[in-house]
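[1] Any chance you could fold what I've pasted below:
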Amino acid sequence: MLWLIGCVLLCKLQLGASLSGVIANETALDLENEVFGLQDGVSSRQARYFPFYTIGRIANIPCTASNGLAGTCLIRGECAESGGLFGGNCSTFTNQATCCIFSKTCGGSTNLNSTYFTNRGYPGGFNDGGSCSFTISPCSSAVCQLRIDFRTLTLAQPNGDGECLTDVMTVTGGSSEVPPICGENSGQHVYVNFDELNPITIKIATSGGTSFSRLWNLQLQQINCDSRLRAPDGCLQYHLGTTGIISSFNYGTAANAAVSTTGLIGTRQLTNHRYGICIRSGPDKCTITYSVPSNGGRYAFTVSGDASVLDPLLIGDPLLLMNGEMCTEMDYVIIPAPSITLPNIVGFIPPFDVNFPQDRFCGLGWWPVTSTVKPFVFYVVWNENDQPDAANRGFRLEYTQNDCSVAG
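    You can find the predicted model right below:
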């Protein structure tokens, strides 16, 4: 009898007073207090370290560690065995549950809902050549997408023609395409659709012949098929705010130091990029406007043409924005059903909207453009020949969703 009473007391101490506790922290990527899913990221494991907890098995859901990083809620023993780092308690059900952070490097793999993939020696730089791969398998059949956040991604610049010949990051194995990426892309992200239960592989290849300090820290988040954070089909990027910044890969204010094959200042644009940037429409928002940010500078939209021959004071002038057939043989962007608002330029005519007959835009300057078509999508079309696009940076634009007009 004394033995039985002792067991009961021990169970109460270890299980804690609250048997109805909930997960205290949610994923670092929740953005609207929404977890990516309730799948068990380590479903093949059993709660063998603490047998009393089999009464109330914790769900291995995404969580936010005490240092702000994303992790997976695991029993501490499971976290340690798997090579994870303890990131603070993640459950009110038991103090043995920890937000387990997984950071892995070349040759690694994961089937957890949250992992970080870094270069060897991170946070130090990587100066050698070679190939570094990482494989991600879906944690369950409920997962449809992988979101890759480039917390840090600094690779060598493309050559002067926009080709990733020195360093390159590729993503394969998914059912959606990710173009080759190089240069400076910290803060960017991409979505990749899983091809059923097949793994996705991220590969970063670097050239040992170029002395350059590469850095990468990629946050890998698996997204459930029924999640509101799932990107619509055809979207390489998916922005969730009613305002924000979109930019082309490798956008930067400084010119590419490489020279093109025609002897001109090189471009920062990457060749053969064709993708959609999608923006989730907010409540009571009917249109979206793309404009140059207040800190955008003159090169905020320089996507086609030779910027090196122009007076720098002319770069970015709205009159250098081109539309329609003029963009056919160039790099361009597409904004469905576009219109602009002309200012009061003659002193007595009030501002008025002008609809564009065609949705393609290119050139070396930008005027705020508004679209009324939902879902909100900004398409990027870079061709295979960027030799004429000397000294171009790409684009960095601010989007703002506008309230629906109230009929009066």
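
[2] how about the strands in the stretch 101-250 of the chain?
    Using DSSP state E, counting those that start in this stretch, the strands of the stretch 101-250 of the chain run over 103-104, 108-110, 114-118, 130-136, 143-154, 168-172, 189-193, 200-206, 215-224, 235-239, 243-247.

[3] Please compute how far the first one lies from its chain's middle.
    Translated: strand 103-104. 18 Å (C-alpha atoms, centre = their mean, to the nearest Å).

[4] what does the average pLDDT come to for it?
    For strand 103-104, the mean pLDDT works out to 96.

[5] Need the residues that contact that strand.
    With contacts defined as C-beta atoms under 8 Å, 6 or more residues apart in numbering, strand 103-104 is touched by 83, 85, 110, 115-118, 134. C-betas here are computed from N, CA, C, even on glycine.

[6] Sheet-wise, list the partners of it with their directions.
    The pairing partners recorded for strand 103-104 under DSSP bridges are strand 114-118 (parallel).

[7] residue ranges with poor pLDDT in the stretch 1-150 of the chain?
    1-57 (pLDDT under 70).

[8] What separation is there between the residue lying closest to N89 once chain neighbours are set aside and Y399?
    Closest residue to N89 apart from its sequence neighbours, by C-beta to C-beta, 6 or more residues apart in numbering: N95 at 5.9 Å. Using C-beta to C-beta, to the nearest Å, N95 is found at 44 Å from Y399.

[9] who's more crowded, these two?
    Shown here are N95 and Y399; by other C-beta atoms under 10 Å, Y399 has more neighbours (20 against 11).

[10] From E184, how far out is that one?
    Taking C-beta to C-beta, one finds Y399 at 21 Å from E184.

[11] any idea how far the residue most central in space within the chain is from L229?
    By C-alpha atoms, centre = their mean, the chain has its centre lying nearest to H189, at 1.4 Å. From H189 across to L229, the span is 12 Å (C-beta to C-beta).

[12] Repeat that for G77.
    Taken as C-beta to C-beta, the span from G77 to L229 is 30 Å.

[13] Check Q401 too.
    18 Å.

[14] same check, this time on L153
    L153 is 21 Å from L229, by C-beta to C-beta.

[15] Same question for T267.
    Per C-beta to C-beta, T267 is found 33 Å from L229.

[16] likewise N256?
    Taking C-beta to C-beta, one finds N256 at 34 Å from L229.

[17] same thing with S133?
    26 Å.

[18] Over to G130?
    Applying C-beta to C-beta to G130 and L229 gives a distance of 34 Å.

[19] out of the two, which sits in the busier spot?
    L229 (22 against 12).

[20] Now for the closest residue to that one other than its chain neighbours, how many residues are close by?
    Once flanking residues are discounted, L229 sits nearest to I223: 5.5 Å by C-beta to C-beta, 6+ apart. Neighbour count for I223, taken as other C-beta under 10 Å: 25.

[21] Check T98 too.
    27.

[22] Provide the angle between the direction of the host helix or strand of it and the direction of strand 114-118.
    Assigned by DSSP states H and E, T98 belongs to strand 97-101. Inter-element angle recorded for strand 97-101 and strand 114-118: 30 degrees (by axes from the mean of the first three to the mean of the last three C-alpha atoms, to 10 degrees).

[23] Pull the residues that contact strand 97-101.
    By C-beta under 8 Å, 6+ apart, strand 97-101 touches 25, 58, 63-67, 69-76, 78-79, 82, 84-91, 116.
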